[in-house]
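>>> Need a 3D model of the following:
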Amino acid sequence: MVFDFNSDLAQEYGIYKNEAAFEIAEYVSSVNISAGFHAGDPLSIKKALEFAKSRNLAVGAHIGYPDISGFGYRNMDLSEEEIETAVIYQLGAISAFAGALNIDIEHVRCHGAMYEKLNNDSEFAKNVAKAVKKFNPWLNLIVGNPEIKLLIEKEVKINCAYEVLFNEAMSVRQLREMPVIPDTVHFTTLENAKRAYDVIKPAPINYNRVEAQI
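Okay, the predicted model is just below:
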């Protein structure tokens, strides 16, 4: 059984650097590159994309609320139009940088408070998905709630990838035995990424065909 492992890059801004993120990314097959709203300035975005290209990693946009000072962890009550413009703006930033390096972005992952709301608010989730679809209907939206995933796929008609967060209490065996098998697994610490990598080597699965590959 093949899993995609993903982690975040470009979680930096100005003098605030996060070199540890590159150590984690050595053990994954996909990376989510911060798009400038919660973190990620032009230099860090470029550096992250070059890193991903050098290691043949799948690339996605890591989008969040316009909240640099709060690192995207503060919830915001945005209108449908504000959600749409925030999503498209960030996708445009990562897509433009990626295009300059002949890289295609393949997925979208929300950050912080936006990620939590995506997985717990069906209307918000549909609005995010509609914006992603408007930008590029072939992108895949990473979702941490299998019910929200099914809802988006049915009503918005874009592909989603079901994600689980790998923590200290989990094992690869548990991933394989879950009632809903994840398409991708998210890592936030080097120790957990190494521990999982020692058991299974990840592959940057095309989420559109993931069910046929696991």
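>>> now for the top helix by length along the chain, which elements pack on it?
Secondary structure of the chain per DSSP state H: the longest helix is helix 80-100. In terms of contacts (3 or more C-beta pairs under 8 Å, 6 or more residues apart in numbering; DSSP states H and E), helix 80-100 is packed against helix 42-54, strand 58-63, strand 105-110, helix 122-135. All C-beta atoms are positioned from the backbone trio N, CA, C, and that covers glycine.
>>> what's the closest of these to Pro146?
Distance to Pro146, taken as C-beta to C-beta, is lowest for helix 122-135 among the helices and strands packed on helix 80-100, at 12.3 Å.
>>> Mind exporting the C-alpha coordinates of the closest one to CSV?
Presented in CSV, the C-alpha positions along helix 122-135 are these (Å, rounded to 0.1, in the frame of the first residue of the first chain):
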residue,chain,number,x,y,z
SER,A,122,-19.6,22.7,5.0
GLU,A,123,-20.6,26.0,3.5
PHE,A,124,-17.1,27.5,4.0
ALA,A,125,-15.6,24.3,2.5
LYS,A,126,-17.8,24.6,-0.6
ASN,A,127,-16.8,28.2,-1.0
VAL,A,128,-13.1,27.4,-0.8
ALA,A,129,-13.6,24.5,-3.3
LYS,A,130,-15.5,26.7,-5.7
ALA,A,131,-12.7,29.2,-5.7
VAL,A,132,-10.1,26.5,-6.3
LYS,A,133,-12.2,25.1,-9.1
LYS,A,134,-12.5,28.6,-10.7
PHE,A,135,-8.8,29.0,-10.7
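>>> in whichever helix or strand comes after that helix, what's buried?
For helix 122-135, the following helix or strand on the C-terminal side (DSSP states H and E) is strand 140-143. Neighbour-count burial for strand 140-143 flags 140-143 (criterion: 16 or more other C-beta atoms under 10 Å).
>>> And for stretch 102-120?
Neighbour counts over stretch 102-120 (16+ other C-beta under 10 Å) mark 103, 105-115, 117-119 as buried.
>>> Could you do stretch 23-39 as well?
Judged by neighbour count (16+ other C-beta under 10 Å), stretch 23-39 contains these buried residues: 24-25, 27-39.
>>> Of the residues you listed, just say which sits nearest to Ser95.
Set against Ser95, the nearest of the buried residues of stretch 23-39 by C-beta to C-beta is Ala35 (9.5 Å).
>>> what's the closest one sitting at in phi/psi?
The phi and psi torsions at Ala35 (degrees, to the nearest 10) take the values phi -100, psi 10.
>>> Repeat that for Val164.
phi -120, psi 150.
>>> Roughly how far does Leu78 sit from Lys117?
10 Å (C-beta to C-beta, to the nearest Å).
>>> make that Tyr27, sorry
Distance, Tyr27 to Lys117, using C-beta to C-beta: 29 Å.
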